[in-house]
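> sequence first, then the predicted structure:
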Protein chains: 2
Amino acid sequence: MTTSEIAPARITVLAGGVGGSRFVRGVRAAWPAARIDVIGNTADDISLHGLRICPDLDTMMYALGGGIDAEKGWGRNDEGWRIAEEFEAYGIQPRWFQLGDRDIATHLVRTELYNAGYSNTEITLALQTRWLGADSPVRILPMTDERVETHIVVADPEQSSGQRAMHFQEFWVRYRAALPVIQVVQVGIDQAKATDAVLESISTADLVLIAPSNPVVSIGPILGVSGVRAALRATRAPVIGVSGILGGAPVLGMADKLLPAIGVAVSAAAVGRHYGPRNRPGGILDRWVVDQRDAAAVAELAADGLDAVAVDTMMTSPEATAAFLHTAVAAR
Amino acid sequence: MTTSEIAPARITVLAGGVGGSRFVRGVRAAWPAARIDVIGNTADDISLHGLRICPDLDTMMYALGGGIDAEKGWGRNDEGWRIAEEFEAYGIQPRWFQLGDRDIATHLVRTELYNAGYSNTEITLALQTRWLGADSPVRILPMTDERVETHIVVADPEQSSGQRAMHFQEFWVRYRAALPVIQVVQVGIDQAKATDAVLESISTADLVLIAPSNPVVSIGPILGVSGVRAALRATRAPVIGVSGILGGAPVLGMADKLLPAIGVAVSAAAVGRHYGPRNRPGGILDRWVVDQRDAAAVAELAADGLDAVAVDTMMTSPEATAAFLHTAVAAR
């Protein structure tokens, strides 16, 4: 591996939404001359009110394009809520998923293109032209053009089966992940193929990064798409992952609610082992970056054959993220 | 005929959008205890951005439900334009038809119900429940559940055929009716049937009113729907029409741009003759109400067999409209 290479021309990042977009802003700051492909999770996509909604892709696009609500880390800036008010007045369900007016404009454009027969890859590139420009060195690529949706099976004593399934967004947004998880199901993942753009991006990259996004519902689905894991194992680029778990808890989000459901402990070391070193069957990592608070895991992982480094992984600014990336990638 | 009856229990009104909604507010003020069915024009409906838009039905609904932009006479009050701004930023066409955010919420609800298989009659009744209440004595009924769209054929020397066709909304909104009209075509009218609700409303009414809406693109399509003209000719209720042409020009709108295309002069008398007295083949009117400025037409129309009355038809307020309706309906 060539992690000493600190001027990669082509970088491919696997990423989810809020944390992923913060990470990619750091990658852009770290290597401003690089072409960066972001392979985005589409398993939290949802159809509501006839609109096709891709929350992770949109968060990435808004964040990289200067259109994000910086305080929340998702949704649009200068957002309005007139449509949500109208839906409330009409008694339209569901009320737990509120869409802003500007955000709905994006969904309207996407849905119209989708119904016209364009693939999600084509639509995502068309939408981002507005945000990133036509010649942007950054591209956002959906992990697949097939439909994949994460559903969560939770315990529910009121059901005769003792359980029920719901869309990830309902679990996440409506119930704030506060339900006992039995299983995480990626509906459609068995039929989902990586796009040519995704496979080509991984195979031609000089550096592949796994963002500190949720390992279960963000990175998990991307790795589950047919072709992605094999491409990561085959690429000549080093594959470096960054832990989103720090001191036994997620920095952002609620990954701690889902890791146990897939049998992975809520620790940086456990997630590193879950992804696994590339020289073991199914593994994808050449290096695992943990926070310095988890420095004790480095030796432990080395014993398991996984090269780990401990740095300050707090993404307090794109520059802070860039600094730790430079350190982590160059480390020997 | 029984125009001396001034307390009709059931009134049916044929109406278009802006003028029609102003008229119906007057009808409601004139006979507050009556059940009022509004048979609305749907031939200016249009699909844009994947949304099914029914401008006349919505104008009627917003106006009767207190949601109208009172100054413009159409569109929503407290309207926002964030989606229009976003469409502009995305470069989405067409730009000549701007939709407000609150208005789009209505179209989203309609489109979702439409795609779920509901008829326009069912959808319109569902939407109006919010605006008029569940037990409203006023109902808005689309003229048909089939799709009918008015297209305008205009002269265009740049085309090899010397003409081109466009949706009525493009002619009306984009070109402000300032193109030479060759023909008005109601696409789909031959297949359109009046709904059971429309036919039942006309046949059980105590009074049928034709609003002073555009005779070519508002009232014209309603009369063109299979079953409507026959029902008007068969009903026991008096059928009374009000002229929207006054002193040789429309009070509202641009009917003067379209009447010549169907061979009708821009005058109250000509439009009255166009609708025709019920005792002549194809005629629908028992009485034609013109403005007092057109009082000279009364004797002229009487000679043609059409009972006409001249009153002050200016709809300056619902009360003013109610007053002239009382006078016109009771006149002997």
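Sure thing, it's come through.
> could you use CA atoms for every contact and neighbour count after this?
Noted.
> verify the stated contact: A:Lys216 with A:Leu259.
Heads up, residue A:216 is Val, not Lys. Yes: using Cα atoms under 8 Å, A:Val216 is in contact with A:Leu259, at 6.4 Å.
> all the strands of the stretch 1-150 of chain A, in order from the start?
A:10-15, A:35-40, A:46-48, A:51-53, A:138-142, A:149-155 (DSSP state E, counting those that start in this stretch).
> with distance to B:Ala323 and mean pLDDT as extra columns, can I get these in a markdown table?
Shown next, in a markdown table, are these (distance: least, Cα to Cα, whole Å; pLDDT from 0 to 100):
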| stretch | distance to B:Ala323 | mean pLDDT |
| --- | --- | --- |
| strand A:10-15 | 68 | 98 |
| strand A:35-40 | 65 | 98 |
| strand A:46-48 | 48 | 96 |
| strand A:51-53 | 47 | 97 |
| strand A:138-142 | 64 | 98 |
| strand A:149-155 | 61 | 96 |
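> mind putting these into JSON lines with mean neighbour count and distance to chain B?
What follows is those, written out as JSON lines (neighbours: other Cα atoms under 10 Å in any protein chain shown; distance: least, Cα to the nearest Cα, whole Å):
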{"stretch": "strand A:10-15", "mean neighbour count": "26", "distance to chain B": "25"}
{"stretch": "strand A:35-40", "mean neighbour count": "25", "distance to chain B": "21"}
{"stretch": "strand A:46-48", "mean neighbour count": "15", "distance to chain B": "9"}
{"stretch": "strand A:51-53", "mean neighbour count": "21", "distance to chain B": "9"}
{"stretch": "strand A:138-142", "mean neighbour count": "23", "distance to chain B": "17"}
{"stretch": "strand A:149-155", "mean neighbour count": "21", "distance to chain B": "21"}
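> mind putting the ones you listed into TSV with distance to B:Asp190?
Below are these laid out as TSV (distance: least, Cα to Cα, whole Å):
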stretch	distance to B:Asp190
strand A:10-15	55
strand A:35-40	50
strand A:46-48	35
strand A:51-53	33
strand A:138-142	46
strand A:149-155	44
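> what segments of chain A are helices?
Applying DSSP state H to chain A gives helices spanning A:18-30, A:55-65, A:82-90, A:101-115, A:120-132, A:168-169, A:196-204, A:219-224, A:228-234, A:268-275, A:296-303, A:318-330.
> which ones are touching A:Ala261?
A:Ala261 makes contacts with A:181-184, as judged by Cα atoms under 8 Å, 6 or more residues apart in numbering or on different chains.
> out of these, which is most surrounded?
Per-residue neighbour counts (other Cα atoms under 10 Å in any protein chain shown) across the contacts of A:Ala261 peak at A:Val181, which has 22 neighbours.
> and it, bridged to which residues?
A:Val154 (DSSP bridges).
> residues contacting it?
Counting by Cα under 8 Å, 6+ apart, A:Val181 touches A:152-155, A:257-258, A:261.
> over to A:Arg10?
A:34-37, A:204-207.
> check those and tell me the two furthest apart.
Spatially, the most separated pair among those is A:Ala34 and A:Thr204, at 12.9 Å (Cα to Cα).
> so for the two, which residue has more residues nearby?
Between A:Ala34 and A:Thr204, counted using other Cα under 10 Å, A:Ala34 has the larger neighbour count: 19 against 15.
> how near is the more buried one to B:Gly220?
63 Å (Cα to Cα, to the nearest Å).
> for chain B, what are the nearby residues on chain A?
Remark: the part of chain A in contact with chain B comprises A:49-50, A:79-80, A:82-83, A:86-87, A:89-90, A:92, A:101-102, A:104-106, A:108-109, A:111-112, A:127, A:130, using Cα under 8 Å from any Cα of the partner chain.
> just the buried ones from these?
A:49-50, A:79-80, A:82-83, A:86-87, A:90, A:101-102, A:104-106, A:108-109, A:111-112, A:127 (16 or more other Cα atoms under 10 Å in any protein chain shown).
> ok, so what distance separates A:Ala302 from A:Arg287?
Separation of A:Ala302 from A:Arg287 (Cα to Cα) stands at 10 Å.
> neighbours around A:Ala322, how many?
22.
> one more: the one 10 residues further on?
Residues within reach of A:Arg332, counting by other Cα under 10 Å, total 10.
> low-confidence ranges in chain A?
Where chain A drops to pLDDT under 70, the residues are A:1-6.
> quick one on the thing from earlier: the contacts of A:Arg10 into CSV, with extra columns for distance to A:Ala265?
Output for the contacts of A:Arg10, formatted as CSV (distance: Cα to Cα, whole Å):
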residue, distance to A:Ala265
A:Ala34, 35
A:Arg35, 35
A:Ile36, 31
A:Asp37, 30
A:Thr204, 33
A:Ala205, 31
A:Asp206, 31
A:Leu207, 28
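> nearest to A:Ala249, of these?
Distances from A:Ala249 to the contacts of A:Arg10, taken as Cα to Cα, are shortest for A:Leu207 (27.3 Å).
> gap between the closest one and A:Asp286?
11 Å.
> shared neighbours of these two, anything?
A:238-240.
> most neighbours of all the residues you listed, which one?
Top of the shared contacts of A:Leu207 and A:Asp286 by neighbour count (other Cα under 10 Å): A:Val239, with 28 neighbours.
> give me the buried positions along stretch A:274-290.
Neighbour-count burial for stretch A:274-290 [16+ other Cα under 10 Å]: A:274-278, A:283-290.
> give me the subset of the residues you listed lying in strands.
Counting by DSSP state E, the part of the buried residues of stretch A:274-290 found in strands is A:287-290.
> residues near the residue nearest to A:Ala70 when sequence neighbours are not counted, how many?
Nearest residue to A:Ala70, sequence neighbours excluded (Cα to Cα, 6 or more residues apart in numbering or on different chains): A:Asn77, at 7.3 Å. For A:Asn77, the neighbour count with other Cα under 10 Å is 18.
> surely A:Asn77 and A:Gly67 touch.
Yes: the pair A:Asn77 and A:Gly67 passes the contact test of Cα under 8 Å, sitting 5.8 Å apart.
> and A:Trp288, bridged to which residues?
A:Trp288 has these beta-bridge partners by DSSP bridges: A:Gly241, A:Ala308.
> how close does it sit to chain B?
Distance of A:Trp288 to chain B, given as Cα to the nearest Cα, to the nearest Å: 39 Å.
> next, the contact list for that residue, please.
A:240-243, A:272, A:306-309.
> excluding sequence neighbours, find me the nearest residue to A:Gln169.
A:Asp44 (6.7 Å).
> how deep is the one you found tucked in, by neighbour count?
A:Asp44, neighbours per other Cα under 10 Å, totals 24.
> ok, now A:Pro157?
Using other Cα under 10 Å as the criterion, the residues surrounding A:Pro157 number 10.
> A:Gly188 now?
Using other Cα under 10 Å, the number of residues around A:Gly188 comes to 14.
> wait, doesn't it sit right on A:Thr144?
No: with contacts counted by Cα under 8 Å, A:Gly188 stays clear of A:Thr144, the gap being 10.9 Å.
> ok, back up a step: contact partners for the residue nearest to A:Ala70?
Contacts of A:Asn77 by Cα under 8 Å, 6+ apart are A:67-70.
> roughly how far apart are it and A:Arg28?
A:Asn77 is 21 Å from A:Arg28, by Cα to Cα.
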